[in-house]
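**Student:** Quick one, fold the following:
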Amino acid sequence: MMMLSAIFVAMLLIPLASAQPETLGGVNCKAYRNRYGPVCKSDTVSLPRPRATIQYKITVRGNARICCYAYTCSRISCYMKYIGCGRGTWSSSTLPWEGGNLLARPKMKCKTRNRRTVRYDYKTIH
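**Tutor:** Sure thing, here's the model as predicted:
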């Protein structure tokens, strides 16, 4: 009976311990028509570490569709990687956030095919 209680408690606590909070990223970012807008940097800086990951959660204002690149850090280098397109609220796939002993700032840049500039915000999940 004691063993079953311990297993039950572990099953409850493991998902809570592994839940990763969203961190505020870029606010009021711009996606231009047919060209990438300026790089939109997060106010949050973090230290990439072995086996760490990052995911970008993007919220597009209005009904526009945007296509984006997001910053990721492999063990070798940090670079902008294409994460696809979406509208409304959507998320990137999980990307590596490893790297060496350097502070990194999440960032992204997007474009649209709309007739005008589209605004978007993003959060990161580490």
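**Student:** so who does residue 53 touch?
**Tutor:** Contacts for residue 53 (C-beta atoms under 8 Å, 6 or more residues apart in numbering) come out as 94, 95, 96, 97, 126. In short, each C-beta sits where N, CA and C put it, glycine included.
**Student:** Out of these, which is nearest to residue 38?
**Tutor:** residue 95 (20.7 Å; C-beta to C-beta).
**Student:** So what's the residue count around that closest one?
**Tutor:** Neighbour count of residue 95, defined by other C-beta atoms under 10 Å: 19.
**Student:** next one: residue 105
**Tutor:** Residue 105: 14 neighbours (other C-beta under 10 Å).
**Student:** Touching, residue 57 and residue 91? I think so.
**Tutor:** Yes: Residue 57 is in contact with residue 91 according to C-beta atoms under 8 Å; the separation is 4.8 Å.
**Student:** so what sits against both of the two?
**Tutor:** In contact with both residue 57 and residue 91: residue 125, using C-beta under 8 Å, 6+ apart.
**Student:** Quick one: the helices in the protein, in order.
**Tutor:** Ranges of helices in the chain, per DSSP state H, are 2-18.
**Student:** circling back: can you check the contacts of residue 53 and name whichever has the most neighbours?
**Tutor:** Using other C-beta under 10 Å as the neighbour criterion, residue 97 leads the contacts of residue 53 with 24 neighbours.
**Student:** who does that residue bridge with?
**Tutor:** Here residue 97 sits in beta bridges with residue 73, as judged by DSSP bridges.
**Student:** Residue 24 too?
**Tutor:** residue 123.
**Student:** from now on call the first residue 18
**Tutor:** That works, and once the first residue is 18, the last one we named lands at residue 41.
**Student:** Show me the shaky parts of this structure.
**Tutor:** 18-37, 117-118 (pLDDT under 70).
**Student:** make it 50
**Tutor:** For the chain, the stretches flagged by pLDDT under 50 are 18-35.
**Student:** Centre-most residue in the chain?
**Tutor:** residue 73 (1.6 Å; C-alpha atoms, centre = their mean).
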